[in-house]
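S.K.: No letters, just coordinates:
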């Protein structure tokens, strides 16, 4: 699995409009083969900053399957105007380590 | 809940040593009240870059409970020498939206 990561920076005055557009855009990414899970979290101390995390089965599900689709053109039209600057996307692999409150789970995938 | 977020940058030559030290350090953070979950993921295309995500019950569980503890001094002694530059920590709140492959779940916590 692949985790797509981006920090989104939106003008504080446009937060309401952005969050509405995001709600409209979600079905576009969700319909993409290889999509597993998306979450968007607001920063605690900076209005307009968000963490976007998307899990994909394979890197190409995002870079080719989504980004070269018509759904991505619609996604971009809805969302890209809000980003200043345009976010850098980074891809991370399966966890090297995972620890939970009462369990220790060394990753078995490496 | 709070998600602590940092991008860790380690020299590619020190990756093995860092990953070993990380394994030793995990029990220190796990023992902290309010700790829920930690994961560290390696970047796909850049050796030595990692995504650190830690879930805490409250912000203060990290900023006070962990950072002002003796366990944090041990954690720092094990890990901080690997980071160049020293990572910026950002805190994110509960998800604004979450979408999974076959389910749509608007966050209920806002």
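M.R.: It's in. What you are looking at is a predicted structure, and each value in this text was computed from that prediction instead of being measured. Residues are numbered from 1 along each chain as shown, chains lettered A, B, ... in the order given.
S.K.: contacts and neighbour counts: CA atoms only from here.
M.R.: Noted.
S.K.: where in chain A is pLDDT low?
M.R.: Per-residue confidence of chain A (counting by pLDDT under 70) places the weak regions at A:102-110.
S.K.: Which residues of it lie near chain B?
M.R.: A:23, A:26, A:30, A:35-45, A:50-51, A:90-101 (CA under 8 Å from any CA of the partner chain).
S.K.: Just give the number of residues close to the residue nearest to residue A:88 when sequence neighbours are not counted.
M.R.: Taking CA to CA, 6 or more residues apart in numbering or on different chains as the measure, residue A:88 lies nearest to residue A:6, with 6.0 Å between them; neighbours along the chain are not counted. Neighbourhood size, residue A:6 [other CA atoms under 10 Å in any protein chain shown]: 18.
S.K.: Kindly report the same for the one 4 residues further on.
M.R.: Here the number of neighbours of residue A:10 (other CA under 10 Å) works out to 21.
S.K.: Over to residue A:85?
M.R.: Here the count is done by other CA under 10 Å, and residue A:85 has 11 residues near it.
S.K.: what do you get for residue A:42?
M.R.: Around residue A:42 there are 21 other residues, counting by other CA under 10 Å.
S.K.: would it count as being in a helix?
M.R.: No: secondary structure of residue A:42 (DSSP: H, G, I helix; E, B strand; the rest coil): strand, not part of a helix.
S.K.: partners of it in the sheet?
M.R.: residue A:50 (DSSP bridges).
S.K.: need the contact list for it.
M.R.: With contact taken as CA atoms under 8 Å, 6 or more residues apart in numbering or on different chains, residue A:42 is in contact with A:48, A:49, A:50, A:51, B:92, B:93, B:94, B:95, B:96.
S.K.: residues in contact with the closest residue to residue A:32 other than its chain neighbours?
M.R.: Excluding its sequence neighbours, the residue lying closest to residue A:32 (CA to CA, 6+ apart) is residue A:66, at 6.2 Å. Taking CA under 8 Å, 6+ apart, we find residue A:66 in contact with A:29, A:32, A:72.
S.K.: Would you state the helices of chain A in chain order?
M.R.: A:15-30, A:59-60, A:70-79 (DSSP state H).
S.K.: closest one to residue B:82 among these?
M.R.: The closest approach between residue B:82 and any of these, judged by CA to CA, belongs to helix A:59-60 at 28.1 Å.
S.K.: Give me the residues contacting that closest one.
M.R.: Taking CA under 8 Å, 6+ apart as the criterion, the residues outside helix A:59-60 that touch it are A:1, A:2, A:91.
S.K.: Need the buried ones from the residues you listed selected in PyMOL.
M.R.: Applying 16 or more other CA atoms under 10 Å in any protein chain shown to the contacts of helix A:59-60 leaves a buried subset, and the PyMOL line that selects it is:
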select buried, chain A and resi 2+91
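S.K.: Residue B:17: which of the contacts of helix A:59-60 is nearest?
M.R.: Set against residue B:17, the nearest of the contacts of helix A:59-60 by CA to CA is residue A:91 (22.7 Å).
S.K.: Before I go, just wanted to say thanks for your time.
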